[in-house]
Structure formats: structure tokens, C-alpha cells
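Asks: can't give you the sequence, but here's the structure:
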């Protein structure tokens, strides 16, 4: 009995840092957890979801903006990397922009009955041309194909565009109109996104500072105006 309890305790600690929430009570050992997380990726793979940037895992600064030491934070935990391919080196983890996104519930088309993410939260790399992110932004996220997932190669979940900045309430309301979910609906179905156009390159140094010329810029909010945030071109719109 003690051995079973210790095994469950170890898995629970590992699950706490995973990018996709799972029902730990249904698991029997860490091997089952790895299988379930793999199934989660299969349920959402090769689609683009519209989701919300959400505070979590200490990836934001005190004002809610994307911090320059997010890679260091992720490297310290190593939990997600251990599930998807073992230990990572500092160079494989630290220099890259990482954020947390949430569907505010299950992702569209996905339910717990097909092993989809139960809470809709995920860690995501950030593509190079995406502006500085903030807690509350609306973004589009690509879920890589299950067979190609590799955190060490920055292939997992990737923020591909900033749709509405958190301060632009009119944009947020307009984009959510007509959708049953606040966040988490599919904007590009399976097979419609060209993942070869993604570029996730080092943006930070190993001490947690932006590299020269690499610090992302935050779109301004003109006083009294609704900002039209420019979408990235070439993504299949």
C-alpha cells in the first residue's frame, strides 16, 4: 500500500507542472500519465485554436507582461520536458519565449471522453514575430502534430499571432461574438496551417535578459480608440 501511495504522490507532483491538465485519479503509475498526455496531444493536433494568455507558472512580470526569464523558469522545473523526451540542457530551454494559454474550459471539439485537455491550460512557445504578450491577450495557438512533438526542438504548442491586446475590450468582445465558449474555438481546422513557416529562435540569454535587438515590442493603445492589431501574413487567412 505504501508503495502505491508513493507512486501516486510522485506522479501527482509531476502532473502539477504539465502543460495539459489530466485527471490524476484515473492513472496507475507515471507510464499511464505519459500515455494520457500523448493522447491529449493527439486529440488537438494540427489545429489552430483561439485562446487567452493567462497568468501561471511565474512566466509573467508584476505588471502581467511576458517576462524575459521565462525560459529559466521552465528549465528549473524540467517537468514537461521529462514527459516529452527527457532532460533538456540550458541552451535547449532557457533562451526561448514561453507563455501560458487557456481555453477557459475544454478546447472546442475536444472532451474528456477522448482524452482531451480537461482544463484547457497549456504551455506554449512564442513565434519570433509575435509582439510582447500580456495576461488577458487573445492569441491563436498551433498544436503540433503528435508524431512531431519535441520540446527540445520547440515543437509542441506555439503562439502564432496576437489577435486582440488585453486593453482593447472592443476587440475582445467583437472576436468572441457568436462563439459558445469564451475561448478555445478552432480557427483553422486540421491540415490548414503550414507549420514549416514557424520560427522559434533564441530571444534571451542564459541569464534571463533579452538579446540585443530581440526584445518584443508591445502594441500601443491610442487614447479613446480601438486598436486594430495587425495579423501576421502568410498563415492561411
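Replies: Yes, it's here. Worth saying up front: this structure is predicted, and the values here are computed from it rather than measured.
Asks: rest of the way, CA atoms for contacts and neighbours
Replies: OK.
Asks: in this protein, what spans have low per-residue confidence?
Replies: For the chain, residues meeting the criterion pLDDT under 70 lie at 1-40, 79-80, 82-85, 104-105, 111-119, 180-182, 222-237.
Asks: which parts of it are helices?
Replies: 2-16, 30-44, 70-77, 79-83, 90-93, 169-176 (DSSP state H).
Asks: show me which residues of the fifth one are buried.
Replies: Right, the one you point to is helix 90-93. In terms of neighbour count (16 or more other Cα atoms under 10 Å), helix 90-93 has its buried residues at 92-93.
Asks: which strands and helices sit next to it?
Replies: Using 3 or more Cα pairs under 8 Å, 6 or more residues apart in numbering; DSSP states H and E as the contact criterion, the secondary-structure elements in contact with helix 90-93 are helix 70-77.
Asks: which strands or helices does the helix it packs on pack on?
Replies: For helix 70-77, where contacts count as 3+ Cα pairs under 8 Å, 6+ apart, the packed elements are helix 90-93, strand 98-102.
Asks: orientation of the last one relative to helix 70-77 in degrees?
Replies: Looking back up the chat, that one is strand 98-102. Taking axes from the mean of the first three to the mean of the last three Cα atoms, to 10 degrees, strand 98-102 and helix 70-77 form an angle of 80 degrees between their directions.
Asks: mind giving me TSV with the helices and strands packed on helix 70-77 and columns for distance to residue 41?
Replies: Supplementary listing: these in TSV, determined by distance: least, Cα to Cα, whole Å:
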stretch	distance to residue 41
helix 90-93	20
strand 98-102	15
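Asks: of the ones you listed, which is nearest residue 78?
Replies: When those are ranked by distance to residue 78, counting by Cα to Cα, first place goes to helix 90-93 at 9.0 Å.
Asks: what does the closest one rub up against?
Replies: Residues from elsewhere that reach helix 90-93, judged by Cα atoms under 8 Å, 6 or more residues apart in numbering: 71-72, 74-75, 152-153, 206.
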